[in-house]
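Asks: My questions are about this predicted structure, shown below with the sequence.
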Amino acid sequence: MKILSGSILAILLTAVLFTAEIHARQAAVLDLRTQAEVIDNWLEHRLDTIVPELMRREDIDMWILVAREYNEDPVLLTMLPATWHAARRRTILVFHDPGEGRPVERIAVARYNIGRFFASAWDPGAQPDQWVRLAEIVAEKNPTRIALNYSPDFGLADGIAWTDYTELMDNLPSRYRNQIVSAENLAVGWLETRTPDEMAVYRHINRIAHQIVEEGLSENVITPGITTTADVQWWYRERVRELGLQVWFHPSVSVQRSEAPEHPGDFSGPAGADVIRPGDLIHMDFGITYLRLNTDTQRMAYVLRPGETEVPRGLVDALAAGNRLQNILTGEFRTGRTGNEILLSALQMAEAEGITATIYTHPIGYQGHGAGPTIGLWDQQGGVPGKGDYPLYPNTAHSIELNAEVFVPEWNRNVRIMLEEDAIFDGETVYYIDGRMTEFYVIPRF
């Protein structure tokens, strides 16, 4: 039997202990039953508070959402109980504000109650035609403005299918057809607004994601000279499944190195599978879904060369420029400002400070690329028509996504510092939900 040398044994033991430490401090993930209870409690509170506030803000007294099984309106899907994974047959939800401060009514024109949230108001035995029953309810409530989910700018607010729209219009009493308006601001407002409970737990959700990111960008996963970027991508997928979570996109892992071509700034395609080597600057993009909320994180690691004990100063300074760009952007957040206004102001300030910036920040919440003000796209730095014209509201979550291109003397070339961190705008300030990267992860850590 071959006896391992003391140094090799020490390295292996340290690696084992490092792995055990990471797993021991992994933030807890609730069991599925408890997750469902949390989701439903949050949903009930949201329906009781956010929907009435939005309907009154937008002067809408009836909101109708329609979906068929496996072709769900994105908004309606977020209003279903945790144990419902899809609509059932055709599901129609109706919100009616009777005015005078009375509670908003919630009605299901469906064969079933929608959990404890929407009581069914349709008896197929008494009225076999679901559309006729909806028309009867509209006539009974006699609304002034009826909102439907259609929108030229926000796909998430454009959920009513053509067939459902034409069926509804064909059956609606003629006097109400001219009262149909877009529910765009209702739909976007519902999706983007975060409650106090959601914001409190969002830190834990981001902590889970950050711990997974940290472990993946470590010697626990990466063996320089052997491990490829594709290996790390699939490690993330397996680790997330092991924890009982989901990803909402396939993780991206890529490298920049001193002797390779500069990053072209084109983010339209996947990165190749590169063997990770000493001296590489690793970039990753990763997001999980938990309790119906999403995370989106981009962080970076440096692989020490033989003899190196710290990250080269030029890369450290480059990361500082990326953090400064984050500060510039979040400092431009103001309630009521549009995404395009924030983008223009931030880019002008970055240019004045000599930072070569690209900003492509987006809302996050029920969807990874959520509804709300888009603040640039990587290939649209002059503004984004439509989605960039939407204003910023308080109590919303955003992925602060951007990059700074910085010259690194040690490499004699430019490097892109690509960062993304989730943050909350509370109406006054922006705060990172679980902190942000201000130092590179270093491989190895020990």
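Replies: Here it is on my side, so go on.

Asks: tell me the centre residue of this structure?
Replies: Centroid-nearest residue in the chain, with Cα atoms, centre = their mean: Gly368, separated by 2.6 Å.

Asks: Could I get the pLDDT score of that residue?
Replies: Listed pLDDT for Gly368 reads 97.

Asks: before we move on, what about Arg33?
Replies: Looking at Arg33, the pLDDT reads 96.

Asks: ok, it to Arg46 distance?
Replies: 21 Å (Cβ to Cβ, to the nearest Å). Just so you know, the C-beta spots here come from the backbone N, C-alpha and C atoms, and that holds for glycine as well.

Asks: which residues touch the residue nearest to the centre of the chain?
Replies: Applying Cβ atoms under 8 Å, 6 or more residues apart in numbering, one finds that Gly368 lies in contact with Trp248, Phe249, Gly287, Thr289, Asn294, Asp296, Ser399.

Asks: Spatially nearest residue to the fifth one, not counting backbone neighbours?
Replies: Going back to what we said before, that points to Asn294. Closest residue in space to Asn294, ignoring its immediate chain neighbours: Gly368 at 4.4 Å, by Cβ to Cβ, 6 or more residues apart in numbering.

Asks: And for the second one?
Replies: Ranked by Cβ to Cβ, 6+ apart and with sequence neighbours excluded, the top spatial neighbour of Phe249 is Gly287, at 6.0 Å.

Asks: Which helix or which strand is home to Arg175?
Replies: Assigned by DSSP states H and E, Arg175 belongs to helix 174-177.

Asks: which other residues reach that helix?
Replies: Residues contacting helix 174-177 (Cβ under 8 Å, 6+ apart): Val138, Ala139, Pro143, Ile146, Met169.

Asks: In this structure the second one contacts Pro173, no?
Replies: Yes - the criterion here is Cβ atoms under 8 Å, and Ala139 meets it with Pro173 at 5.8 Å.

Asks: related to what we said a few turns ago, from Gln298, how far off is the residue nearest to Phe249?
Replies: 10 Å.

Asks: for Pro251, same thing?
Replies: 10 Å.

Asks: rewinding a little: the residue nearest to the centre of the chain and Asp296, how far apart?
Replies: Using Cβ to Cβ, Gly368 is found at 6 Å from Asp296.

Asks: which residues are common contacts for these two?
Replies: With contacts taken as Cβ under 8 Å, 6+ apart, Gly368 and Asp296 have Gly287, Ser399 as neighbours in common.

Asks: quick one: which helix or strand includes Val94?
Replies: Using DSSP H and E, the element containing Val94 is strand 90-96.

Asks: Packing partners of that strand?
Replies: Using 3 or more Cβ pairs under 8 Å, 6 or more residues apart in numbering; DSSP states H and E, the elements in contact with strand 90-96 are strand 62-68, strand 105-109, helix 130-141.

Asks: now for the ones you listed, which one comes closest to Tyr360?
Replies: strand 62-68 (30.2 Å; Cβ to Cβ).

Asks: what's the angle from that closest one to strand 105-109?
Replies: Put simply, strand 62-68 runs at 30 degrees to strand 105-109, going by axes from the mean of the first three to the mean of the last three Cα atoms, to 10 degrees.

Asks: For strand 62-68, output the C-alpha coordinates as PDB.
Replies: The C-alpha trace of strand 62-68 is given here as PDB (Å, rounded to 0.1, in the frame of the first residue of the first chain):
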ATOM      1  CA  MET A  62     -62.600  45.800 -12.700                       C
ATOM      2  CA  TRP A  63     -59.600  43.600 -13.700                       C
ATOM      3  CA  ILE A  64     -60.200  40.400 -15.700                       C
ATOM      4  CA  LEU A  65     -57.500  37.800 -16.200                       C
ATOM      5  CA  VAL A  66     -58.000  34.800 -18.400                       C
ATOM      6  CA  ALA A  67     -55.900  31.700 -19.000                       C
ATOM      7  CA  ARG A  68     -56.100  28.100 -20.200                       C
END
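
Asks: Pull the residues that contact that strand.
Replies: By Cβ under 8 Å, 6+ apart, strand 62-68 touches 51, 55, 73, 75-77, 79, 87, 89-97, 134, 138, 141, 143, 145-149, 159-161, 164-165, 168, 183, 186.

Asks: Please list only the buried members of the residues you listed.
Replies: Among the contacts of strand 62-68, those buried by neighbour count (16 or more other Cβ atoms under 10 Å) are 51, 55, 73, 75-77, 79, 87, 90-97, 134, 138, 141, 143, 145-149, 159-160, 164, 168, 183, 186.

Asks: in the sheet, who's paired with the nearest residue to Leu80 once chain neighbours are set aside?
Replies: In this structure, Leu80 finds its nearest non-sequential neighbour in Ile114, 6.6 Å apart by Cβ to Cβ, 6+ apart. When bridges are called by DSSP bridges, Ile114 pairs up with Phe118.

Asks: my guess is Ile114 meets Ile92, correct?
Replies: No - taking Cβ under 8 Å as the definition, Ile114 is not a contact partner of Ile92, at 10.0 Å.

Asks: which residues of the stretch 301-446 of the chain score low on pLDDT?
Replies: 446 (pLDDT under 70).

Asks: what are the ranges of the helices in it?
Replies: In the stretch 301-446 of the chain, the helices defined using DSSP state H, counting those that start in this stretch lie at 313-330, 339-352.

Asks: closest one to Asp434 among those?
Replies: That would be, of the helices of the stretch 301-446 of the chain and by Cβ to Cβ, helix 313-330, which comes in at 14.5 Å.

Asks: Centre of the chain to the closest one, how far?
Replies: For helix 313-330, the separation from the chain centroid amounts to 23 Å (computed by Cα atoms, centre = their mean, to the nearest Å).

Asks: cool, stretch 436-443 as well?
Replies: The answer for stretch 436-443 is 22 Å, by Cα atoms, centre = their mean.

Asks: Over to stretch 104-120?
Replies: 28 Å.

Asks: picking that back up, of the contacts of Gly368, which belong to strands?
Replies: In this view, the contacts of Gly368 that belong to strands under DSSP state E are Thr289, Asn294, Ser399.
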